[in-house]
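Enquirer: quick one: sequence and predicted model below, then my questions.
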Amino acid sequence: MDLNLLPYQIGIDMIPKIGSINAKRLIAYCGGVEAVFKESKSALIKVPGIGQVIANEIVNQKVLDRAKCEVDFVLKHNIKTLFYLNDDYPKRLKQCDDGPIVLFVKAKENIDFNQQKVISVVGTRSITDYGKMVCEDIIAQLAERGHNPIVVSGLAYGVDICAHRAALKNRIPTIAVLGHGLDTIYPSIHRNTAKEIYEEGALVTDFPSKTLPDRNNFVKRNRIIAGLSDATIVVESAEQGGSLITADIAVSYNREVFAIPGAVSSKFSKGCNLLIKTNKAALIDSADDIEFQLDWESVNT
């Protein structure tokens, strides 16, 4: 972590309406993240995707003041920052055009984002007994066979928290991707689980502190859940929902998508059945299927 560059690395992502793709384009055009803030307005406007409004935000430097406050927060709370051009940035996420400029990571120990086996587990907040059973069983089976993949999810109600707790129970590292800053935990009822994740895995976000857990933020963070992993498993989902958005993002990243089938009469299996029906996801119901699809060999036979 280069403390001299950190305000610029954080600041460029704070520019209103810039987005990760345009931010990366700017950095490439200017030759570095610090150089972006030293470029003239007339030159910035010539960069594709950068208009008067964004150029003004860069030139007036106000985002750097906010970024410096965030640097103070990061240092005070021992939060690690991963810049997308640095070697410690997750390799899978680096392959995604809209991957975040900076990841904020809170963990007791360094976690290897580039571990050989990483899966994401997502689904409805209204998990059924069937979904809970399948989610817990699959993660337990993976642990029993010695795979110990990192399990990525979003700390939300339902499938997310079930996946995190199953990973913790089976001593598998787990990553919670948050839709807000690291100064809070949402929902607060999952605070104790978040503490356990901090001990055994990591809390991750691309949002700075004081960012509220707004609905759009959770949609945005789904790209990180999909991008960090080799495969996204949808356990249960209605016909519409965040987990289907995550699945679509995973497909766009050319990652594997798996879905647990369910009864046609269950509204929380309609999304999974639709993914399978439209060939967006492979049908799985056990660790055997994951091993076959991802070409994993059992360590414990």
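Expert: Done, it's in. Numbering: from 1, shown residues only.

Enquirer: so Glu136, which state does it fall into?
Expert: helix (DSSP: H, G, I helix; E, B strand; the rest coil).

Enquirer: touching, it and His164? I think so.
Expert: No: Glu136 is beyond contact range of His164, at 11.3 Å (criterion: Cβ atoms under 8 Å). (Each C-beta comes from the backbone N, C-alpha and C, glycine too.)

Enquirer: more crowded one of these two?
Expert: His164 (29 against 17; other Cβ atoms under 10 Å).

Enquirer: quick one: the host helix or strand of the more buried one to chain centroid distance?
Expert: If you go by DSSP states H and E, His164 is part of helix 159-169. In terms of Cα atoms, centre = their mean, to the nearest Å, the gap separating the centre of helix 159-169 from the centre of its chain is 16 Å.

Enquirer: go ahead and name everything in contact with that helix.
Expert: 121-125, 127, 131-132, 135-136, 139-140, 151, 153-155, 173-174, 176, 190, 193, 196-197, 200-201, 235-236, 243 (Cβ atoms under 8 Å, 6 or more residues apart in numbering).

Enquirer: buried residues in it?
Expert: 159-168 (16 or more other Cβ atoms under 10 Å).

Enquirer: so what's Ala282 scoring on pLDDT?
Expert: If you check Ala282, the pLDDT there is 97.

Enquirer: local confidence estimate at the residue lying closest to Ile224 once chain neighbours are set aside?
Expert: Ranked by Cβ to Cβ, 6 or more residues apart in numbering and with sequence neighbours excluded, the top spatial neighbour of Ile224 is Val177, at 4.8 Å. According to the prediction, Val177 has pLDDT 98.

Enquirer: thought Leu82 was touching Ala107?
Expert: No: in terms of Cβ under 8 Å, Leu82 does not count as a neighbour of Ala107; the distance is 11.4 Å.

Enquirer: with neighbour numbers in mind, choose between those two.
Expert: Taking other Cβ under 10 Å, Leu82 and Ala107 do not tie; Leu82 has more neighbours (22 against 19).

Enquirer: and that one, its phi and psi?
Expert: phi -120, psi 110 (degrees, to the nearest 10).

Enquirer: what of the one 5 residues further on?
Expert: Recorded main-chain torsions at Asp87 are phi -70, psi -30, according to degrees, to the nearest 10.
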